[in-house]
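Student: Pasting the sequence and the predicted model now:
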Amino acid sequence: MKINPDICYHLYNRGNNKEPIFFEPENYTYFLNQFKKYVLPFSDVYSYCLMPNHFHFFIKINDKALFEKGIKNFFISYSKAINKKYNRVGSLFQGRYKVSEITSNSYYTRIITYIHQNPVVGKLAINMEDYKYSSYTAYISEKETLINRQEVLDWFEGLDSFIENHKIIKDELEINQLLNIK
């Protein structure tokens with residue numbers, strides 16, 4: 001997909017053969033630090049979630065050429081570091097990263113909640129706020145963050161609405177579990 005500046009995208013990828021891309025907690029931190037170094041200067045980040053074998057970012061590209069160079073260097077640096085540390089060879093990721101353009105207001109809302117709900121749906125956490133490798137906690141905390149928190153909270157018309165919108169799928173999951181529906 002062609003990337004354009006000033007457009008929002010869902011950026012994602014997974015491990016080659018659906019294998020892990022994170023092997024221990026420090027890998028998640030290193031991944032985010034490399035993202036901050038190579039990609040963040042050329043984009044705005046609205047949400048993210050790192051799962052053991054894949055990741056999601058919701059971003060806006062600010063400079064196409066610098067973003068494309070930065071994202072390439074980001075993947076190379078992370079892959080090389082992981083391959084070296086764990087004596088791996090070959091591709092860590094399943095091909096090139098993927099992007100989907102965020103084309104509507106409802107998609108904007110849904111992609112943020114979808115990304116944050118990944119750990120609950122994937123049964124890695126009972127509650128979104130318990131998962132360390134997601135931007136969800138940056139929204140419910142007042143700590144300094146590189147996430148464009150205020151813009152997103154304004155979009156949701158405040159923190160209460162943001163939290164309420166995120167509860168919808170959790171309620172659906174609980175109902176399905178009670179009814180034993182998969």
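Tutor: Perfect, thanks for sending it.

Student: quick one, what contacts Glu19?
Tutor: Applying C-beta atoms under 8 Å, 6 or more residues apart in numbering, we find Glu19 in contact with Asn53. C-beta coordinates here come from the backbone N, C-alpha and C atoms, glycine included.

Student: And it, how close does it get to Phe35?
Tutor: 20 Å (C-beta to C-beta, to the nearest Å).

Student: Ok, Glu142 next?
Tutor: From Glu142 to Phe35 the distance is 23 Å (C-beta to C-beta).

Student: Compare neighbour counts for the two and give me the winner.
Tutor: The residue with more neighbours, out of Glu142 and Phe35 and counting by other C-beta atoms under 10 Å, is Phe35; that gives 25 against 7.

Student: who touches the host helix or strand of that one?
Tutor: Taking DSSP states H and E as the criterion, the element that holds Phe35 is helix 25-38. Outside of helix 25-38, the residues that reach it under the criterion C-beta under 8 Å, 6+ apart are 21-22, 48, 50, 55, 57, 70-71, 73-74, 77-78, 81-82, 132-133, 146.

Student: Quick one: the helices in the chain, in order.
Tutor: Using DSSP state H, the helices of the chain run over 25-38, 64-85, 105-121, 136-140, 149-155, 159-178.

Student: quick one, the second one and helix 25-38 angle?
Tutor: Read it as helix 64-85. With axes from the mean of the first three to the mean of the last three C-alpha atoms, to 10 degrees defining the directions, helix 64-85 sits at 150 degrees from helix 25-38.

Student: Can you select the buried ones from the contacts of helix 25-38 in ChimeraX?
Tutor: To isolate the buried subset of the contacts of helix 25-38 in ChimeraX, counting by 16 or more other C-beta atoms under 10 Å, use the following:
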select :21,22,48,50,55,57,70,71,74,77,78,82,133
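
Student: List the residues that contact the residue nearest the centre of the chain.
Tutor: Ranked by distance to the mean C-alpha position of the chain (C-alpha atoms, centre = their mean), the top residue is Tyr48 at 2.4 Å. Taking C-beta under 8 Å, 6+ apart, we find Tyr48 in contact with Leu32, Phe55, His56, Phe57, Phe58, Ile115, Ser134, Ser135, Ile147.
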